[in-house]
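Prediction below, plus the sequence it came from.
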Amino acid sequence: MLRAQVSKKTALGREAKKIMDAGGLVSDEIMVNMIKSELESNQECSNGYVQLSTRERTVFHFPRSLESRC
């Protein structure tokens, strides 16, 4: 989803690309907004499912911040 947003040059994708190009991690806020956008606009998400990556992930990969894990 992140790569798709960057390649489509959406506002969130451009913001994420700046962060990634600088070597940073994309914030939870940007990722949550991407997920919301996908749920609202992507027909494949009409049942509430979002594929975050082609690699297997668990909910433990997100969010990443220490504050959000406590």
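Cool, got the structure. Here the structure is a predicted model, which means the values were calculated and not measured.

how about the strand or helix carrying residue 34: buried residues?
Here residue 34 sits within helix 28-41, counting by DSSP states H and E. Neighbour counts over helix 28-41 (16 or more other Cβ atoms under 10 Å) mark 30-31, 33-34, 37-38 as buried. The C-beta positions use only the backbone N, C-alpha and C, and glycine is treated the same way.

Which elements pack onto that helix?
Counting contacts by 3 or more Cβ pairs under 8 Å, 6 or more residues apart in numbering; DSSP states H and E, helix 28-41 packs against helix 2-8, helix 11-21.

Any chance of TSV for those, columns mean pLDDT?
Output for those, formatted as TSV (pLDDT from 0 to 100):
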stretch	mean pLDDT
helix 2-8	91
helix 11-21	96
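
surely residue 27 meets residue 19?
Yes - counting by Cβ atoms under 8 Å, residue 27 does reach residue 19; the two are 7.4 Å apart.

Using PDB, list the CA coordinates for stretch 5-14.
C-alpha atoms of stretch 5-14 as PDB (Å, rounded to 0.1, in the frame of the first residue of the first chain):
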ATOM      1  CA  GLN A   5       0.600   5.500  -2.700                       C
ATOM      2  CA  VAL A   6       4.200   6.700  -3.600                       C
ATOM      3  CA  SER A   7       3.900   5.500  -7.200                       C
ATOM      4  CA  LYS A   8       0.500   7.100  -7.600                       C
ATOM      5  CA  LYS A   9       2.000  10.300  -6.200                       C
ATOM      6  CA  THR A  10      -0.800  10.900  -3.900                       C
ATOM      7  CA  ALA A  11      -0.500  13.600  -1.200                       C
ATOM      8  CA  LEU A  12       0.200  11.000   1.400                       C
ATOM      9  CA  GLY A  13       2.600   9.200  -1.000                       C
ATOM     10  CA  ARG A  14       4.600  12.300  -1.600                       C
END
